[in-house]
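Visitor: Dropping a prediction and its sequence here:
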Amino acid sequence: MDLVEQAQLRSSNKGDLLVVQSNKMVESSHTLSLNEKRLVIMAAAHLDSRKPMPEKNTVKIYASDFATLYDLHGGQAYQAIEQAAKKLYNRNIRSIDGDAKKGSRERNVRWVWMCEYLKNEAAVVLGFSPVIAPYLTMLNQQFTKYRLRSVSALSTFYAIRMYELCTQYRKTGERRLSLERLREVLDLGDKYQDVKNLRMRVLDPSVKEITKLTDLDVSYEPLRKGRKIIGFEFDIREKEQLGSVADDETA
């Protein structure tokens, strides 16, 4: 396994590891289950974001680390990462490097080119696609980073995605997203077409969890054109007692 990044987390510093992603990754349209998303950001945190990806873009994740970070039992954690890796193998990410409004072509790229299950080590190995891999480090010029512990208690994929979208703008303290753009980056498709349902099912619980369980205080207000809601403005404040992550950069 010399091609695998042997980066097992240690209990003393696991929460302090940084998740680094290109802003284009944060802004891309994708849907994952909660454990798939947890697996991806944990893999990103394992990488030394200042260095090139390991050979063949492979990262090993141990069930014991996953269990500790997300408060799971060992057997439950291995089953979770194994199932998440299998699902991730069939997932794609859309328009990672394009803007449909500017005429760029839409692209669909697989997250991983391989996944391997090591039952004797209670671990999985992910091989990230060559297109995806550079977006998981700070080798890109514009990136967002946050501490892995910041999202460890979040219980839904949408809460983690909303945290990422907000933490990009923690320096400026506010972010505006049109309704169309928000639906696009959350890859909602036909889900929650009624704005009231979207707020009740996605935005309200996500913002509540972020404020309660992370290093950010987030609230939001609808943006209207007449009586019609056309987007949302998010107010983003860093909780002073939890400290600040190193500089964020926004697109």
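Guide: Sure thing, it's come through. Numbering: from 1, shown residues only.
Visitor: what's near enough to touch Q76?
Guide: Residues near Q76 by CB atoms under 8 Å, 6 or more residues apart in numbering: A67. To be clear about C-beta, it is placed using only N, CA and C from the backbone, and glycine gets the same treatment.
Visitor: what pLDDT does it get?
Guide: pLDDT for Q76: 90.
Visitor: That one should be in a strand, yeah?
Guide: No. Assessed with DSSP: H, G, I helix; E, B strand; the rest coil, Q76 is helix; it does not lie in a strand.
Visitor: S64 contacts A77, doesn't it?
Guide: Yes. Counting by CB atoms under 8 Å, S64 touches A77, with 7.2 Å between them.
Visitor: Looking at the two, which is more packed in?
Guide: Of the pair S64 and A77, A77 is the one with more neighbours under other CB atoms under 10 Å, namely 23 against 18.
Visitor: Surely the more buried one touches A67?
Guide: Yes. Look at A77 against A67 with CB under 8 Å: they come within range, at 3.6 Å.
Visitor: Could you check how far the residue of the chain most remote from its centre is from R149?
Guide: Residue distances from the centre of the chain (CA atoms, centre = their mean) peak at G226, which lies 34.1 Å from the mean C-alpha position. According to CB to CB, to the nearest Å, G226 stands 43 Å off from R149.
Visitor: L88 now?
Guide: Distance, L88 to R149, using CB to CB: 22 Å.
Visitor: Please say which of the two ends up with more neighbours.
Guide: Between L88 and R149, counting by other CB under 10 Å, L88 is the more crowded of the two (24 against 17).
Visitor: What residues does the more buried one make contact with?
Guide: L32, E36, L39, V40, W111, V112, C115, L126.
Visitor: and if we set it to 6 Å?
Guide: L88 makes contact with E36, W111, V112 under the criterion CB atoms under 6 Å, 6 or more residues apart in numbering.
Visitor: Cross the residues you listed against helices and list the overlap.
Guide: Using DSSP state H, the members of the contacts of L88 that fall in helices are E36.
Visitor: Would you format the contacts of L88 as CSV with neighbour count included?
Guide: CSV is the format used below for the contacts of L88 (neighbours: other CB atoms under 10 Å):
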residue, neighbour count
E36, 22
W111, 24
V112, 23
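Visitor: From the contacts of L88, pick the one nearest I236.
Guide: Closest to I236 out of these is E36 (25.6 Å), distances taken as CB to CB.
Visitor: pretty sure that closest one is in contact with A85, am I right?
Guide: No. Counting by CB atoms under 6 Å, A85 is not a contact partner of E36; they are 8.3 Å apart.
Visitor: where are the low-confidence patches of the stretch 151-251 of the chain?
Guide: The stretch 151-251 of the chain contains residues with pLDDT under 70 at 241-251.
Visitor: Tell me where it has helices.
Guide: With DSSP state H, counting those that start in this stretch, the ranges of helices along the stretch 151-251 of the chain come out as 157-167, 179-185, 195-198, 204-213.
Visitor: which parts of the second one are buried?
Guide: If you call a residue buried by 16 or more other CB atoms under 10 Å, then helix 179-185 has these buried ones: L179, R181, L182, R183, E184, V185.
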